[in-house]
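Peer 1: What follows is a protein structure lacking sequence information:
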């Protein structure tokens, strides 16, 4: 219907959408005060193990003196929960959403979220949020579809009326099926791609391929002397035994050497193609692919972890991605950090469980984040990660690097390619500024989370770090 | 172990076709032309040839070449495996044949339309799966897209750079040297087309860290050598290039271009094995070599070859190269024909022919006072090497 709108009608529609720009809505008070169960649920889903959020003893000696809520939860507290949405006629933002829904712009994705934290929230804090409609854009053609960006700003106050934080937020409301990539041919190119060269195998090497199909990285081991060998052989070069078995490797290793292939292009592969020689912690090496990592991020010595990529009905290949670096249990000091420092890469495998559990943990019950049928109906390829989770995972990534006592001052993110299930998002980041502000030592980190389609999230964060 | 055929044999004749990108002829036709030219160069009627050695990669069977040459009887015929690694190996086997008396005059040849018919650079992407060990060996690399010779070599190059601080510019300097010699060699594909290091750095990636100008050419053409005893060679037309020694090498845990599983992968132990055999049997050492043909299918592996032969210490080839020692007036000018990057890629056999010209004093880029010339064969594969010397 809106397809047939004339320019004049479109103009009138935008004017109607913008009528309430600048006005604020009804204050919304959180259904529950800040509480440990919701924090714990969030930390479990986000895999955020910072003890300041859940361990009273550690928290008591930390910078907040008691348990604090993860700052990225800011807007989770006032989410409405799994109850029917009531359209509050006095709320300018929900009025705009309703008008857009009615006009066919039923698809919704969040594109920007900028938190500012005046203080960390403590157990018992009870938040109230007031939303102001800041802007409604002209109709835009985006990759997802034709739609309007709606921008709001929410101010959060505690039970004493103290201003604790704010959020600048932007969503795109779009008409499903009007995206630049929409159409019947979408996705066909991948299915027409010829499969990779099939591994040649025989009785001597079947154990390896059977293992990879079963999710195991099996390395040949001499049953007599225990020596490991790859590629497999028929006789142990160390002791001469012909009794050969295998061990299951941990899948942990480091990059011993690598190449990035550009030419010639074999149709079965994406180029540029990362090919690595990985040294397993068990001591043997194998040729493999390094996935979920830009060619420029490859470094000899980088830690890697195995996964198994299915390439044929009966074949999986052991391939590697950057390994998640353990959480830093001590906190970096301001002096230890320099502009240009790079954060270690961190892969985040996008399982359906991660996408659904984090959506629920952030109290985001939008069906597109947990219900595949509804997601498809609304123009998405699958369920996709919600923006609170993109914030939460970004915060976890930065906090795991900086250490538990780093204090977040803000968190600004912008979303790009959606995080669909079965992909992997790899976080990277670097220190882009250091400054003193209001007596605090602030470090700015710029970060990015990239999935196979491109950058899912880019953003910056200001952290206050201890001087000593 | 000693090679008792040291100084016993000589290369008495060399012959080649023009090196092109589209010969418009069959490789067989070119093989015959090159073999006839080698006999003509030596002043030997081709029907006197009674031995033939070629590469197992060669697609022109020796019996058909022999038929075309009018050879009635062959008393030695054999093939050497592993592609360009066979280059000096065919000469080594020819030496063994003439030393043992199995043959008197042995032709070594290699002919292909490697640019216009079957492009070697494409690698093994179309190789079908199979259960034989030769196929199974590819299962550890091909499914991951490591399917070309350039990519196999690049894996060594990255590690070498990491351990020794060599850069892609150091690889580029090898390319610049080759192309400088090619520029003054009318037989070279890149005659009058030298490059700068900047050209190298601006050339596109093939497989990082290898750029286009790190990779040898693909060529249509043929090269033949005639080997006989040094004694018989004296009666032929040319100054004999005496084969001081020729050796082959396979080292521990050897794989075809993918020996990635050794404790250290920055050296070329199979080439080190060749070096030890050559020096031991000939009594020569690095100081005795005035110029060399260092196999250059891809520039990075020129560096460890210099180290394996003792021209510099391990990890210091980059410094040796930066100091200009491979250039025309350097300590060890290499690949004076332009190498396989500049002249042509005939699986190393054209380089050995250039070594012969350096001994004769007839190279277009003749080095002064050449007594001994080193030539090496394909790297990362089972390989070979030889030293040519002035006749006593």
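Peer 2: On my side now, so go ahead. Keep in mind it's a predicted model, so treat the numbers as computed, not measured.
Peer 1: do the lowest-mean-pLDDT helix or strand in chain B and chain A meet at all?
Peer 2: In chain B, no helix or strand scores lower on mean pLDDT, DSSP states H and E than helix B:133-136, which sits at a mean of 92. Yes. Using Cβ under 8 Å from any Cβ of the partner chain, helix B:133-136 comes into contact with chain A via B:133, B:135, B:136. For the C-beta atoms, the positions are set from N, CA and C on the backbone; glycine is no exception.
Peer 1: name the helices or strands packed onto that helix?
Peer 2: Judged by 3 or more Cβ pairs under 8 Å, 6 or more residues apart in numbering or on different chains; DSSP states H and E, helix B:133-136 is in contact with no other helix or strand.
Peer 1: Tell me who's in contact with residue 165.
Peer 2: With no chain named, the answer covers chain A. A:71, A:74, A:115, A:116, A:117, A:118, A:119, A:156 (Cβ atoms under 8 Å, 6 or more residues apart in numbering or on different chains).
Peer 1: hmm, I had chain B in mind actually
Peer 2: Contact partners of residue B:165, counting by Cβ under 8 Å, 6+ apart, are B:315, B:318.
Peer 1: now the one 3 residues further on
Peer 2: If a contact means Cβ under 8 Å, 6+ apart, then residue B:168 has B:161, B:201, B:209, B:211, B:214 as its contacts.
Peer 1: Among the residues you listed, which lie within strands?
Peer 2: Secondary structure defined by DSSP state E assigns residue B:211 of those to strands.
Peer 1: and chain A, which of the contacts of residue B:168 contact it?
Peer 2: Contacts with chain A are made by residue B:209 out of these, judged by Cβ under 8 Å from any Cβ.
Peer 1: can you map out the strands along the stretch 251-392 of chain B?
Peer 2: B:291-293, B:372-376, B:383-389 (DSSP state E, counting those that start in this stretch).
Peer 1: who wins for proximity to residue A:205 among those?
Peer 2: Closest to residue A:205 of the strands of the stretch 251-392 of chain B, according to Cβ to Cβ: strand B:383-389, at 26.5 Å.
Peer 1: Tell me which strands that closest one pairs with, and in which orientation.
Peer 2: strand B:241-249 (antiparallel), strand B:372-376 (antiparallel) (DSSP bridges).
Peer 1: mind giving me CSV with those strands and columns for distance to residue B:227?
Peer 2: Formatted as CSV, the strands paired with strand B:383-389 follow (distance: least, Cβ to Cβ, whole Å):
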stretch, distance to residue B:227
strand B:241-249, 7
strand B:372-376, 13
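Peer 1: following the helix ranked longest in chain A, which helix or strand shows up next?
Peer 2: Secondary structure of chain A per DSSP state H: the longest helix is helix A:387-402. Along the chain past helix A:387-402, the next helix or strand (assigned with DSSP states H and E) turns out to be strand A:407-415.
Peer 1: List of residues touching that following strand?
Peer 2: A:63, A:71-72, A:109-117, A:120, A:387, A:390-391, A:394-395, A:398-399, A:440, A:442, A:456-464.
Peer 1: relative to its centroid, which residue of the chain is most remote?
Peer 2: Just going to use chain A. Relative to the mean C-alpha coordinate of chain A, counting by Cα atoms, centre = their mean, the farthest residue is residue A:240 (50.0 Å).
Peer 1: let's do chain B instead
Peer 2: residue B:131 (31.5 Å).
Peer 1: Which residue, other than its chain neighbours, is closest to that one?
Peer 2: Nearest residue to residue B:131, sequence neighbours excluded (Cβ to Cβ, 6 or more residues apart in numbering or on different chains): residue A:202, at 4.1 Å.
Peer 1: How many residues are close by the one you found?
Peer 2: Look at residue A:202: counted by other Cβ atoms under 10 Å in any protein chain shown, it has 13 neighbours.
Peer 1: That one against residue B:134, yeah?
Peer 2: No. Using Cβ atoms under 8 Å, residue A:202 is not in contact with residue B:134; the gap is 11.2 Å.
Peer 1: So which residues of chain B form helices?
Peer 2: Using DSSP H, the helices of chain B run over residues B:27-42, B:62-69, B:87-100, B:133-136, B:149-164, B:168-183, B:197-202, B:230-233, B:269-282, B:302-308, B:317-322, B:339-342, B:349-360.
Peer 1: What residues does residue 76 make contact with?
Peer 2: With no chain named, the answer covers chain A. Residue A:76 makes contacts with A:38, A:42, A:361, A:362, A:363, A:364, A:388, as judged by Cβ under 8 Å, 6+ apart.
Peer 1: please go with chain B instead
Peer 2: B:50, B:51, B:52, B:53, B:97, B:102, B:103, B:106.
Peer 1: And it, how close does it get to residue B:227?
Peer 2: In this view, residue B:76 and residue B:227 are 11 Å apart by Cβ to Cβ, to the nearest Å.
Peer 1: And for residue B:382?
Peer 2: Distance from residue B:382 to residue B:227, by Cβ to Cβ: 21 Å.
Peer 1: And for residue A:292?
Peer 2: According to Cβ to Cβ, residue A:292 and residue B:227 sit 55 Å apart.
Peer 1: and those two? which has more neighbours close in?
Peer 2: residue B:227 (31 against 23).
Peer 1: got a pLDDT number for the more buried one?
Peer 2: Note for residue B:227: predicted pLDDT of 98.
Peer 1: Pull the contacting residues for the nearest residue to it once chain neighbours are set aside.
Peer 2: Once flanking residues are discounted, residue B:227 sits nearest to residue B:94: 3.8 Å by Cβ to Cβ, 6+ apart. Counting by Cβ under 8 Å, 6+ apart, residue B:94 touches B:9, B:51, B:53, B:103, B:106, B:108, B:225, B:227.
Peer 1: Contacts only, for the third one.
Peer 2: In this case it means residue B:53. B:76-80, B:90-91, B:93-94, B:97, B:106-108.
Peer 1: hmm, 7 Å instead?
Peer 2: Applying Cβ atoms under 7 Å, 6 or more residues apart in numbering or on different chains to residue B:53 gives the contacts B:78, B:80, B:90, B:93, B:94, B:106, B:108.
Peer 1: Who is the first one paired with across the strands?
Peer 2: In this case it means residue B:78. Bridge pairing for residue B:78 - DSSP bridges - gives residue B:53.
Peer 1: So the spatially most central residue of chain A versus chain B, what's the distance?
Peer 2: Against the mean C-alpha coordinate of chain A, by Cα atoms, centre = their mean, the closest residue is residue A:390 at 4.9 Å. In this view, residue A:390 and chain B are 31 Å apart by Cβ to the nearest Cβ, to the nearest Å.
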